[in-house]
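Visitor: build me a structure from this.
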Amino acid sequence: MDIPIWLVAAGMPMLLTITLAVGLPVAFSLAFVATIAILAVWGPQGLPIIASTSYASVTSFILIAVPLFLLIGENLIHSGISQNAFDMMHKWLGWLPGGLAITTIATAAIFGAISGFAPAVCTIMGKAALPEMLKHGYSKNLSLGCILGGAALDILIPPSSLMVILGFLSGVSIGKMFFSGLVIGAMITFMFMAYVFLRALLQPGWAPTVKESPPLRERLATLKYALPLMAIIFLILGTIFFGVATPTESAALGFWATLILALCYGKFKMEDMKRTLSMTAQYTAMLFMIVIGATLFSRGVSYVGIAPALVSWMESLKLSPWWAMIAMQLIVLIMGCFMDAGSICFITIPFFMPVVNALRIDPLWFCSIMMINLELGTITPPFGLNLFVLKGVSPPGVSMGDIITGGLPFVGLHILGMVLVMIFPQIALWLPNLMKAG
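Guide: The predicted structure is shown next:
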């Protein structure tokens with residue numbers, strides 16, 4: 001018996017909601033719903049579509065960048081580079097009001113320009129910076145909050161694994177997304193540091209100031225750690241900006257550069273390499289399973305006509321692009337409280353992008369705002385990923401309530417940054433328009 005297309009289209013969102021609600025992993029929920037829809041429309045003739053789509057989704061050259069950026073982050077964790085970078089930034093910025101917290105945010109932003117894997121950076125800064133801040137009498141809430149905020153930036157500051165996924169799903173240039181995120185990430189980083197600076201001035205007890213800065217000679221000596229890091233950042237981002245390499249090729253260059261640097265420091269052991277490769281393989285396998293499910297789901301949405309129907313419905317409401325944008329970002333904001341950023345991308349993009357294109361919203365602008373929203377989701381309670389990562393590396397006296405309370409000001413600053421980019425689109429668009437190649 002033939003099943004009406006409209007019934008399949010109506011059933012897909014409902015079935016997806018049910019499978020997620022009963023606890024089925026996102027990858028299998030998306031694949032299951034898509035398979036049911038394709039078989040309902042074509043019957044057994046749809047099986048080759050499922051097989052070919054699954055294979056094509058994970059053999060894209062673009063996606064090779066994902067495990068490479070993860071490897072870069074693991075190299076940073078196991079090499080000792082992170083502690084050197086934190087010590088360097090502390091010597092240059094530690095004398096400011098709130099200097100240790102400002103150092104933490106600046107160091108996290110630098111790691112974001114190398115790795116872009118937020119849980120890894122949250123782990124690094126939780127181990128390196130949190131004990132230092134608590135030892136120097138910093139407020140527990142402020143210490144935890146600046147680590148949460150700084151680590152979240154790594155989703156937005158390129159290179160970012162999530163940007164690669166979002167660009168793959170949306171069709172937006174990954175290179176342009178990188179440089180849009182660079183400007184927005186720098187803006188939000190300075191907003192965070194300005195907040196800490198003002199808070200330390202108004203409430204000195206929250207962030208005691210170091211009495212004097214180290215001698216200039218001592219500070220200059222730390223540049224031996226800065227120059228290699230800056231060279232790696234330029235190697236990854238500069239090659240993309242000037243059209244010399246694709247994001248995937250630049251990720252490969254960055255991996256070899258961080259590995260060589262770690263070996264030169266003499267802190268990278270064979271056991272670390274085995275652990276790094278194992279963790280990256282596990283994460284990549286999990287992510288590619290979700291990619292297969294998401295691609296099948298997107299194909300199913302297209303086949304049964306959900307996307308055109310959604311566009312027609314939005315047009316019938318006569319909503320302006322502004323209200324459509326706000327509505328979509330509110331959906332992402334709510335989902336971010338309960339789901340990880342990757343899953344949100346995979347579920348929403350098949351529905352959102354047809355609306356974005358139909359309403360003639362700039363796709364790069366939309367994806368840039370969505371990236372801010374997705375990074376916000378990593379620190380919003382009750383299930384923000386970085387909340388649990390930071391809890392895992394915090395001293396016994398730190399509760400989840402402390403972490404959530406400390407992160408709230410940085411949640412507010414994230415939202416302010418998102419509003420600014422919505423009001424002033426050129427914040428996101430001017431640097432990508434200067435690129436030599438898309």
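Visitor: in contact with residue 374, which residues?
Guide: Going by Cβ atoms under 8 Å, 6 or more residues apart in numbering, residue 374 touches 155, 162, 166, 332, 336, 341, 344, 345. Using the backbone N, CA and C atoms, a C-beta is placed for each residue, glycine as well.
Visitor: that one: what secondary structure?
Guide: helix (DSSP: H, G, I helix; E, B strand; the rest coil).
Visitor: how near is it to residue 76?
Guide: Computed as Cβ to Cβ, to the nearest Å, the residue 374 to residue 76 distance reads 22 Å.
Visitor: and residue 366, by the same measure?
Guide: For residue 366, the distance to residue 76 - Cβ to Cβ - is 31 Å.
Visitor: kindly report the same for residue 322.
Guide: 40 Å.
Visitor: more neighbours: the two, which one.
Guide: residue 76 (24 against 11; other Cβ atoms under 10 Å).
Visitor: from residue 340, how far off is the more buried one?
Guide: 22 Å.
Visitor: spatially central residue in the chain, please.
Guide: Nearest residue to the geometric centre of the chain (Cα atoms, centre = their mean): residue 155, 2.2 Å.
Visitor: pLDDT weak spots in the stretch 51-200 of the chain?
Guide: 77-83, 114-117 (pLDDT under 70).
Visitor: 50 - rerun?
Guide: Within the stretch 51-200 of the chain, no stretch has pLDDT under 50.
Visitor: before we move on, back to that, so which pair among the contacts of residue 374 is furthest apart in space?
Guide: The most widely separated members of the contacts of residue 374 are 166 and 336, with 14.0 Å between them, by Cβ to Cβ.
Visitor: a markdown table for the contacts of residue 374, including secondary structure?
Guide: Below are the contacts of residue 374 laid out as a markdown table (three-state DSSP):
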| residue | secondary structure |
| --- | --- |
| 155 | helix |
| 162 | helix |
| 166 | helix |
| 332 | helix |
| 336 | helix |
| 341 | helix |
| 344 | helix |
| 345 | helix |
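Visitor: residue 342 and residue 166 touch, don't they?
Guide: No - using Cβ atoms under 8 Å, residue 342 is not in contact with residue 166; the gap is 9.2 Å.
Visitor: secondary structure element holding residue 301?
Guide: helix 270-304 (DSSP states H and E).
Visitor: and the pLDDT for residue 436?
Guide: We have a pLDDT of 64 for residue 436.
Visitor: what does residue 257 give?
Guide: 87.
Visitor: from residue 186, how far out is the nearest residue to it once chain neighbours are set aside?
Guide: Of all residues not flanking residue 257 in the chain, residue 232 sits nearest, at 4.7 Å (Cβ to Cβ, 6 or more residues apart in numbering). Plainly put, residue 232 is 18 Å away from residue 186 if you go by Cβ to Cβ.
Visitor: pretty sure residue 291 contacts residue 58?
Guide: Yes - the pair residue 291 and residue 58 qualifies as a contact (Cβ under 8 Å) at a distance of 5.8 Å.
Visitor: of these two, who's got more company?
Guide: Higher neighbour count among residue 291 and residue 58: residue 291, with 24 against 15, using other Cβ under 10 Å.
Visitor: what residues are up against the more buried one?
Guide: 57, 58, 63, 165, 168, 346.
Visitor: mind doing that once more with 10 Å?
Guide: 27, 30, 54, 57-58, 60, 63, 66, 165, 168-169, 284, 342, 346 (Cβ atoms under 10 Å, 6 or more residues apart in numbering).
Visitor: can those residues go into JSON lines with extra columns for distance to residue 206 and secondary structure?
Guide: Listed next are those as JSON lines, based on distance: Cβ to Cβ, whole Å; DSSP: H, G, I helix; E, B strand; the rest coil:
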{"residue": "27", "distance to residue 206": "43", "secondary structure": "helix"}
{"residue": "30", "distance to residue 206": "45", "secondary structure": "helix"}
{"residue": "54", "distance to residue 206": "52", "secondary structure": "helix"}
{"residue": "57", "distance to residue 206": "49", "secondary structure": "helix"}
{"residue": "58", "distance to residue 206": "48", "secondary structure": "coil"}
{"residue": "60", "distance to residue 206": "48", "secondary structure": "coil"}
{"residue": "63", "distance to residue 206": "44", "secondary structure": "helix"}
{"residue": "66", "distance to residue 206": "39", "secondary structure": "helix"}
{"residue": "165", "distance to residue 206": "38", "secondary structure": "helix"}
{"residue": "168", "distance to residue 206": "42", "secondary structure": "helix"}
{"residue": "169", "distance to residue 206": "41", "secondary structure": "helix"}
{"residue": "284", "distance to residue 206": "41", "secondary structure": "helix"}
{"residue": "342", "distance to residue 206": "35", "secondary structure": "helix"}
{"residue": "346", "distance to residue 206": "40", "secondary structure": "helix"}
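Visitor: quick one, which of the residues you listed are buried?
Guide: Neighbour counting over the contacts of residue 291 (16 or more other Cβ atoms under 10 Å) leaves 27, 30, 54, 57, 63, 66, 165, 168, 169, 284, 342, 346 as the buried ones.
Visitor: nearest to residue 182, of the residues you listed?
Guide: For the buried ones among the contacts of residue 291, the nearest to residue 182 is residue 165 (17.8 Å; Cβ to Cβ).
Visitor: dump the helix or strand harbouring residue 351 to CSV, restricted to CA.
Guide: If you go by DSSP H and E, residue 351 is part of helix 341-358. The C-alpha coordinates for helix 341-358 follow below in CSV (Å, rounded to 0.1, in the frame of the first residue of the first chain):
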residue,chain,number,x,y,z
ALA,A,341,26.4,21.7,19.4
GLY,A,342,27.1,19.1,16.7
SER,A,343,23.7,17.4,17.2
ILE,A,344,21.9,20.7,16.9
CYS,A,345,23.7,21.4,13.6
PHE,A,346,22.8,18.0,12.2
ILE,A,347,19.1,18.3,13.2
THR,A,348,18.4,22.0,12.4
ILE,A,349,20.4,22.8,9.2
PRO,A,350,18.3,20.7,6.9
PHE,A,351,15.3,22.8,8.0
PHE,A,352,16.9,26.1,8.4
MET,A,353,19.0,26.5,5.2
PRO,A,354,16.0,26.4,2.8
VAL,A,355,14.4,29.1,4.8
VAL,A,356,17.6,31.2,4.9
ASN,A,357,18.0,30.9,1.1
ALA,A,358,14.3,31.6,0.4
